[in-house]
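Asker: give the three-dimensional model of this entry:
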Amino acid sequence: MASITTIDWTDPGVIQALLIPWGIRLGIALAIFIVGRWISRWLTNITRKLMTQSNVDTMLVNFTGNLVYTVLILVVVMAALDHLGIETTSLLAVFGAAGLAIGLALKDSLSNFSSGVMIILFHPFKVGDFIKAGGATGVVEEVRMFATIMRSGDNRQIIVPNGQIYSGTITNYSAHPTRRIDLVFGIGYGDDMAKAKKIIDNIMQQDERILSDPAPGIALGELADSSVNFNVRPWVKSEDYWAVHADLLEKIKLAFDANGISIPYPQQDVYMHNVM
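Answerer: Residues are numbered from 1 along each chain as shown. Modelled structure (predicted):
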C-alpha cells in the first residue's frame, strides 16, 4: 500500500518551501489588485475628463465611465488571479458557462443594460430634462448601466430600471424651449361673454412671461350643462410653465369675482314631497 506523506508544519524547511513563496505571491497579487484598482479609477477619471472637455453629453460621460471602470476592474482581478497561479484560461471557460446560466437567470438585468445602451445611443432625453417614463415623473439626474436616477418635484430619488423606460412611452417636457398651457374657464349663461374674454386677454397681455409668438388663444370651447367654457391657451418658456399656470388661475378667478362674472359649479336640486 502507498504510504501517506504528512507535512510537518513545524519544520523550518517546509515553511521556507511552501508558506513563504505563497505568502509572497499573495502579497504581490494583493498589490496588483490595489494598484490596478487605483489605475482603473485614474483612467476612468481621465476618460470622463476628456469626454467632458469634448462637450460630450453628461449622460454619456457617466455611462461610459461606469462601463470603463467595470471592464478595467475585471482585467485587474484576472491579472491578480493569474499571478497566484490560477489558470485563467480555464477560469474564463468556467466563467463563460456560468455567465450563460447567470444570463438566463438575470435576463431582466441584461435587458436593463441593453436598454441603457439604447437610451445613450438614441438620446430620447438628457441629464436635467423633466420627463415622464417608466411610471415615474421627475428630473433626470443620471443614466447608469441598469437604471436611470430621477429626482421628483418634492426632492425624492426615484430609481427606474432602464428596461421599463425604453420599452414604454417617454414624455420629455424639456425637449422644446416652449410649452403651451391649456386651461378651461367656465362662466354662467347669464354672464357677458365678451367682457369675460376681454378680462382674460388683458391679464395675459400684462404677463411678460407669456409669449406673443405664438399668440395666446382664447376660444369658446363648449356649451356645457351649467357653464359656457372658454379654452385659454397661452405659450410660455418651458421653465415658466408651472409658475404662469398657477398665476393665471389665481388672477383670472380674482378678476371674475371683482367684475361680477360667476364661475358655475355642478349642483343638484332635490325636491321633497310629503305623501299623505
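
Asker: quick check: domain ranges of the chain?
Answerer: According to automatic domain parsing, the chain comprises the domains 12-105, 125-172, 178-258.

Asker: need the winner for burial among those domains.
Answerer: Mean neighbours per residue, mean count of other C-beta atoms under 10 Å, is largest over those for domain 125-172, with a mean of 17. The way it works is simple: take the backbone N, C-alpha and C, and place the C-beta from them, glycine included.

Asker: how far does that one sit from its chain's centre?
Answerer: For domain 125-172, the separation from the chain centroid amounts to 2 Å (computed by C-alpha atoms, centre = their mean, to the nearest Å).

Asker: just checking, Glu222 touches Phe185?
Answerer: No. At 11.3 Å, Glu222 and Phe185 do not qualify as touching, with contact defined as C-beta atoms under 8 Å.

Asker: list the residues that contact both of these two?
Answerer: Asn229 (C-beta atoms under 8 Å, 6 or more residues apart in numbering).

Asker: tell me who's in contact with Asp201.
Answerer: Pro216, Ile218.

Asker: any chance you could map the helices in the stretch 51-200 of the chain?
Answerer: 58-83, 88-105, 107-122, 162-166, 193-206 (DSSP state H, counting those that start in this stretch).

Asker: give me the mean pLDDT for the third one.
Answerer: Which is helix 107-122. Average pLDDT, helix 107-122: 79.

Asker: and what of the shortest one?
Answerer: Confidence for helix 162-166, expressed as mean pLDDT, is 90.

Asker: what's the answer for stretch 249-266, then?
Answerer: Mean predicted confidence for stretch 249-266 is 90.

Asker: ok, and what's touching that stretch?
Answerer: 183, 185-188, 190-192, 195-196, 199-200, 203, 225-227, 232.

Asker: again with stretch 43-50
Answerer: With C-beta under 8 Å, 6+ apart as the test, stretch 43-50 has contacts from Val61, Asn62, Thr64, Gly65, Val68, Tyr69, Leu72.

Asker: against Asp207, how distant is Ala243?
Answerer: Going from Ala243 to Asp207 by C-beta to C-beta, to the nearest Å gives 10 Å.
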